[in-house]
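Engineer: just coords:
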């Protein structure tokens, strides 16, 4: 089915991504880089230890994509092997995960609602099962509390009072499933704070897997969640997708324009933000007039909420993904002939997938101060 050259290219991309995620893992978990020297250098022993992050992380992504691949083969829909995208930014002095993820390219026509549903849901369900296993293992095998002293020996100093304002604070945001597993399985004396989770390879890999699972299961457009939505609601999927995207965009941009900002800053921000919202809606089914109206309503609503609740803020990190959805990928789902919903078994799986989305979604997944 696939040519030897394809296996070679995809295999090399996979190995390169495994290496780059291992390099990123060394930076996150142990604070060691291949570009540094002395005690901050990523030596071979620490590179091997960093595989405890990269192997489960890449393994979960691989299982996710294989779920799509094998289901496509089962339904006789032509598609590529998984493309892994290496993305290590350590040479720029910037933190990264070592990858932008993995995708498969559909090369054949998907002719039915059932096939779209099966191909879309297989990936996140397969990846979620493995992610759940990784998290369970991570929580039940937590190292002793003094493990952090190996990475941050300064914590053992009773006079240590933090790094000060010159060091950026980074923290992962909880989701329902991660919080629940920690409460249920972990020894409270060993359970790390969310600001220290990056030093625990299995928990960090599992957390990122939940993040990508939730991202894929957003019920919008041609995301995996959009395919699920297309199967569950044959006549209303377009409307639900647009509403879900509108809510997502409204939350993401909360606080971008607010009364507390200086007037000279608002004069610059408002037109730029209005233009950004318009671009995000450029591939919607709305007419130009309705698009402009929705942009004005969204921005005015966000401004009014900030006026009455100045402490309410969304997560502006979602804005880039909203742009990709609205401008690049689009929020429409390709149609097929007929409007027959999927069978009961698939409906149960579809609602299970939406429940998994709710359990895995973190409103503010990566927080900095």
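Structural biologist: Now that the structure is in, tell me what you want to look at. Here the structure is a predicted model, which is why all the values come from computation and not from measurement. Numbering: from 1, shown residues only.

Engineer: with adjacent residues omitted, what lies nearest to the spatially most central residue of the chain?
Structural biologist: Nearest to the mean C-alpha position of the chain, counting by C-alpha atoms, centre = their mean, stands residue 212 at 3.3 Å. Distances taken as C-beta to C-beta, 6 or more residues apart in numbering place residue 101 nearest to residue 212, at 6.5 Å, with adjacent residues excluded. Any C-beta I mention is one placed from the backbone N, CA and C, and that applies to glycine too.

Engineer: same question for residue 209.
Structural biologist: Per C-beta to C-beta, 6+ apart, closest to residue 209 is residue 131, 3.6 Å.

Engineer: pull out the buried residues from the helix or strand where that neighbour lies.
Structural biologist: Here residue 131 sits within helix 113-140, counting by DSSP states H and E. Neighbour counts using 16 or more other C-beta atoms under 10 Å place 113-128, 130-132, 134-135, 138-139 of helix 113-140 among the buried residues.

Engineer: average model confidence for the very next helix or strand once past it?
Structural biologist: Next helix or strand after helix 113-140 toward the C-terminus (DSSP H and E): helix 148-151. Summarised as a single mean, pLDDT over helix 148-151 is 84.

Engineer: packing partners of the helix or strand following helix 148-151?
Structural biologist: Moving toward the C-terminus from helix 148-151, the next helix or strand (DSSP H and E) is strand 170-172. Judged by 3 or more C-beta pairs under 8 Å, 6 or more residues apart in numbering; DSSP states H and E, strand 170-172 is in contact with strand 366-368.

Engineer: and the strand it packs on, how far from the chain's centre?
Structural biologist: How far strand 366-368 lies from its chain's middle: 14 Å, per C-alpha atoms, centre = their mean, to the nearest Å.

Engineer: residues contacting it, please?
Structural biologist: Residues outside strand 366-368 that contact it (C-beta atoms under 8 Å, 6 or more residues apart in numbering) are 168-173, 317.

Engineer: name the member of those with the most neighbours.
Structural biologist: residue 172 (22 neighbours; other C-beta atoms under 10 Å).

Engineer: and the helices in the chain?
Structural biologist: Taking DSSP state H as the test, the helices found in the chain are 4-30, 44-74, 113-140, 148-151, 176-185, 201-216, 224-232, 237-252, 263-280, 288-308, 318-323, 344-360.

Engineer: pull out the buried positions in the fifth one.
Structural biologist: This points to helix 176-185. For helix 176-185, by 16+ other C-beta under 10 Å, it's 177-178, 181-182, 185.

Engineer: one more: the fourth one?
Structural biologist: With burial defined by 16+ other C-beta under 10 Å, the residues of helix 148-151 counted as buried are residue 148.

Engineer: circling back: surely the residue nearest to the centre of the chain touches residue 99?
Structural biologist: No: shown here, residue 212 and residue 99 do not form a contact pair, counting by C-beta atoms under 8 Å, at 10.2 Å.

Engineer: anything in contact with each of those two?
Structural biologist: residue 61.

Engineer: how near is the nearest residue to residue 342 once chain neighbours are set aside to residue 224?
Structural biologist: Counting by C-beta to C-beta, 6+ apart, residue 342 lies nearest to residue 231, which is 4.3 Å off, once chain neighbours are set aside. Counting by C-beta to C-beta, to the nearest Å, the gap from residue 231 to residue 224 is 11 Å.

Engineer: what is in contact with these two at once?
Structural biologist: Common contacts of residue 231 and residue 224 (C-beta under 8 Å, 6+ apart): residue 120.

Engineer: where does pLDDT dip in this protein?
Structural biologist: 157, 161-168, 369 (pLDDT under 70).

Engineer: would you map out the domains in it?
Structural biologist: With domains defined by automatic domain parsing, the chain comprises 4-150+169-218+363-368, 235-337.

Engineer: any chance of TSV for these, columns distance to residue 160?
Structural biologist: Converted to TSV, those look like this (distance: least, C-beta to C-beta, whole Å):
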stretch	distance to residue 160
domain 4-150+169-218+363-368	11
domain 235-337	30
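
Engineer: which of these is buried the deepest?
Structural biologist: domain 4-150+169-218+363-368 (a mean of 18; mean count of other C-beta atoms under 10 Å).

Engineer: which ones are touching the residue nearest to residue 64 when sequence neighbours are not counted?
Structural biologist: Take residue 64 and drop its neighbours on the chain: the residue closest to it by C-beta to C-beta, 6+ apart is residue 127, 3.3 Å away. Residue 127 makes contact with 60-61, 63-64, 67, 209, 212-213, according to C-beta under 8 Å, 6+ apart.

Engineer: from these, which single one is nearest residue 268?
Structural biologist: Nearest to residue 268 among the contacts of residue 127, counting by C-beta to C-beta, is residue 212 at 34.1 Å.

Engineer: thinking residue 79 is in contact with residue 68, fair?
Structural biologist: Yes: counting by C-beta under 8 Å, residue 79 touches residue 68, with 7.3 Å between them.

Engineer: now do the shared contacts for the two.
Structural biologist: residue 104.
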